[in-house]
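In: the following block contains a protein sequence and its predicted model.
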Amino acid sequence: MRRVLFTLVLTATLLSGPLARAVQPDEMLPDPAMEARARAISKDLRCLVCQNQSIDDSDAPLARDLRLLLRERLVKGDTDAQAVAYLTDRYGDYVLLRPPVRPATYLLWFGPLALLVVGGGILLWRGRRGSVGAEAVAPPLTAEEKAHLAMLMRDEDEGKGRP
């Protein structure tokens, strides 16, 4: 019985996680259409104190303030773009979960691809360079080198007491 109860509690806990939202009832707008707009926008805005979490999902006090500010702007009649522009003017592009592609963000957008291309190029270059070196064969010994090698080997054998 205890095992069944534990399993039920664990299942309910795991399944209730995605249903929990940070938006509190006192933050919600009375107009459902306006609230839906606010929720859609807030899902694309970053909480400035959380680790890559939207203000819609965050429980941080700053995220709550941003949600309230967004709703305030929408109630005043701002369009979605105007409300987002107001927040980015205040907090910069960092408030956007998907920052725009412009020269200041090229490294962010294209850096990983460039790093992958450079890394792949280095691997190809080293692989080809290594295969060329493996195919190279040392030139055969000359008669003089063979005689010198035989003398060294004979001296080595005599030094160890071998006949």
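Out: Nice, thanks for sending it over.
In: show me what counts as buried in stretch 93-106.
Out: Neighbour-count burial for stretch 93-106, counted by 16 or more other C-beta atoms under 10 Å, picks out Val95, Leu96, Pro99. Using the backbone N, CA and C atoms, a C-beta is placed for each residue, glycine as well.
In: distance check, the spatially most central residue of the chain against Val118.
Out: Note on the chain: the residue nearest the mean C-alpha position is Pro112, at 9.2 Å, using C-alpha atoms, centre = their mean. Counting by C-beta to C-beta, to the nearest Å, the gap from Pro112 to Val118 is 11 Å.
In: cool, and Glu35?
Out: Distance from Glu35 to Val118, by C-beta to C-beta: 47 Å.
In: let's see stretch 91-109 as CSV, backbone CA atoms only.
Out: Provided in CSV are the C-alpha atoms of stretch 91-109 (Å, rounded to 0.1, in the frame of the first residue of the first chain):
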residue,chain,number,x,y,z
TYR,A,91,17.2,46.6,-21.0
GLY,A,92,19.0,46.0,-24.4
ASP,A,93,18.8,43.1,-26.7
TYR,A,94,19.8,40.7,-23.9
VAL,A,95,16.1,40.8,-22.8
LEU,A,96,15.2,39.0,-26.1
LEU,A,97,15.5,35.2,-26.1
ARG,A,98,16.1,35.4,-29.8
PRO,A,99,18.3,38.5,-30.4
PRO,A,100,18.2,40.0,-33.9
VAL,A,101,20.8,39.3,-36.5
ARG,A,102,23.0,42.4,-36.9
PRO,A,103,26.7,43.2,-36.8
ALA,A,104,26.8,43.3,-33.0
THR,A,105,25.4,39.8,-32.8
TYR,A,106,27.2,38.1,-35.7
LEU,A,107,29.5,36.3,-33.4
LEU,A,108,26.6,35.0,-31.4
TRP,A,109,24.8,33.7,-34.5
